[in-house]
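Novice: sequence and computational prediction follow.
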Amino acid sequence: MLAVIRKTKHNQITMKHSKVLNYVIILLILIISSTSLFGQKLEPKKRVLEPDHTISSEIMDKDYKLYISFPNGYSNENATSYPVLYVVDGQQCFESFKSAYWSMNLENGSWLEDFIIVGIGSGDNLKSWVIDRTYEFNPYPNTTVGAYWDNLLKLPDGTVKLGGAAKFLDCIKTELVPFIEKNYKTNDDRGIYGHSYGGTFASYALVNSPDFFNRYGIHSPSYQNENEELISQIEKQFEQNELKTDGPTKVYLSVGDSDIPGIRTQLTKLCKNLENKNYKNTVWTWQVFEDETHYSVVPISISRTIRELYRKK
């Protein structure tokens, strides 16, 4: 009987040791698994900026993506209407505008006017974006510049063209803006912002359709080569007060002091030539940002455009 009891106790001890061993093994497996899991690098989540609308343009024979941000208090329950700022290169600049406007409105209550932001975007990748904007934002053909971009992007000769600004301005005026004004609570107070070639286009709109927009953010525009004709047109119209506007117009220009030399030199020369002249209905201001390049100047040009064009009186 004693032998049986001892054997039973031995079996119980063995079973306890077996259970403990199983727990240890399970614990080790969990530790190894968790170590492997946390050691594995995660792929970055792909974030895609979705447009609010995609508009097919008959004039340009292509689609444009529209990205829209509304001021606080925007509602169809009241009769309030709002100015609109149209931002070219919308896919690249819209989110920065939206964030800057939101942040600036946190300061000292509401010291900015309420306005709607509409980003106008096109191109599905870097190459198509460059092709689109180079054609749409530049008013005059230029085979040398086109060949430069063809070579840089390894595109067939003649792919990149310039000279479509007149058509694109017509597209904005007769297709894109009417869509916004039909569907949202806007008024006839319109602004436009552009950087680089976008600044060239905003300059073109200023002197070729001054009664359509009344606020202009023009930054690091290219007036080189054939676009010297555009800078001459700007100077002539401002010096002779030939800028025919229906009401007060604000023009704000900027460039970085480490910008592309030709761009910095030409914009600075233009602004100095037009300083201290008496312009009818037009407030003209400009600024050179210290230690900013052609690309690093973009964020500050966005926040300063909002402040200069939409600061309350």
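Specialist: Now that the structure is in, tell me what you want to look at. Residues are numbered from 1 along each chain as shown.
Novice: just so I have it, where are all the strands in the stretch 1-150 of the chain?
Specialist: Counting by DSSP state E, counting those that start in this stretch, the stretch 1-150 of the chain has strands at residues 53-57, 62-69, 82-88, 116-121.
Novice: below-threshold pLDDT in the stretch 201-313 of the chain: ranges please.
Specialist: 224-227, 240-247, 276 (pLDDT under 70).
Novice: quick one on the thing from earlier: quick one: the strands of the stretch 1-150 of the chain as TSV, columns for mean neighbour count, mean pLDDT and distance to residue 274 too.
Specialist: Placement of C-beta: from N, CA and C, glycine included. Conversion of those to TSV gives the following (neighbours: other CB atoms under 10 Å; pLDDT from 0 to 100; distance: least, CB to CB, whole Å):
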stretch	mean neighbour count	mean pLDDT	distance to residue 274
strand 53-57	14	95	34
strand 62-69	19	96	32
strand 82-88	23	98	23
strand 116-121	24	97	28
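Novice: what's the closest of these to residue 267?
Specialist: Nearest of these to residue 267, taken as CB to CB: strand 82-88 at 17.7 Å.
Novice: ok, how many other residues are close to residue 287?
Specialist: 15 (other CB atoms under 10 Å).
Novice: after the helix or strand hosting it, which helix or strand is next? Please name it.
Specialist: Assigned by DSSP states H and E, residue 287 belongs to strand 282-289. Later in the chain than strand 282-289, the nearest helix or strand by DSSP H and E is helix 297-310.
Novice: how far off strand 116-121 does that next one point, in degrees?
Specialist: Put simply, helix 297-310 runs at 140 degrees to strand 116-121, going by axes from the mean of the first three to the mean of the last three CA atoms, to 10 degrees.
Novice: thinking again about what came up before, which elements pack onto the strand holding residue 287?
Specialist: strand 249-256, helix 261-274, helix 297-310 (3 or more CB pairs under 8 Å, 6 or more residues apart in numbering; DSSP states H and E).
Novice: who does it pair up with?
Specialist: Strand 282-289 has its sheet partners listed here by DSSP bridges as strand 249-256 (parallel).
Novice: identify the residues contacting the strand it pairs with?
Specialist: Residues from elsewhere that reach strand 249-256 (CB atoms under 8 Å, 6 or more residues apart in numbering): 199, 206, 210, 214-221, 243, 263-264, 267-268, 270-271, 281-289, 291-294, 296-297, 300-301, 304-305, 308-309.
Novice: and stretch 121-136, by the same measure?
Specialist: Contacts to stretch 121-136, defined as CB under 8 Å, 6+ apart, come from residues 51, 60, 62-67, 88-92, 94, 145-146, 149, 153, 155, 159-165, 167-168, 197-198, 201.
Novice: what's the single longest strand in this structure?
Specialist: Looking across the chain with DSSP state E, the single longest strand is strand 186-195.
Novice: tell me which other helices or strands that one touches.
Specialist: Checking 3+ CB pairs under 8 Å, 6+ apart, strand 186-195 ends up next to strand 82-88, helix 90-104, helix 197-208, strand 215-219, helix 297-310.
Novice: for these, could you give me JSON lines that also reports distance to residue 47?
Specialist: Output for the helices and strands packed on strand 186-195, formatted as JSON lines (distance: least, CB to CB, whole Å):
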{"stretch": "strand 82-88", "distance to residue 47": "19"}
{"stretch": "helix 90-104", "distance to residue 47": "10"}
{"stretch": "helix 197-208", "distance to residue 47": "23"}
{"stretch": "strand 215-219", "distance to residue 47": "26"}
{"stretch": "helix 297-310", "distance to residue 47": "19"}
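Novice: do you know which of the ones you listed lies nearest residue 239?
Specialist: helix 197-208 (12.0 Å).
Novice: buried residues, the closest one. List them.
Specialist: For helix 197-208, the neighbour count (16 or more other CB atoms under 10 Å) marks 197-207 as buried.
Novice: for the longest strand of the chain, list every residue counted as buried.
Specialist: Using 16+ other CB under 10 Å as the test for burial, strand 186-195 gives 186, 189-195.
Novice: which ones are touching residue 196?
Specialist: 219-222, 294 are the contacts of residue 196 under CB under 8 Å, 6+ apart.
Novice: any idea how far residue 103 is from it?
Specialist: Residue 196 sits 24 Å away from residue 103, going by CB to CB, to the nearest Å.
Novice: next: residue 259.
Specialist: The gap separating residue 259 from residue 103 is 25 Å, by CB to CB.
Novice: quick one: which of the two has more around it?
Specialist: residue 259 (24 against 11).
Novice: once you drop chain neighbours, what's closest to the residue most central in space within the chain?
Specialist: The chain has residue 93 as the residue nearest its centroid, 0.8 Å off, counting by CA atoms, centre = their mean. Closest residue to residue 93 apart from its sequence neighbours, by CB to CB, 6 or more residues apart in numbering: residue 87 at 5.2 Å.
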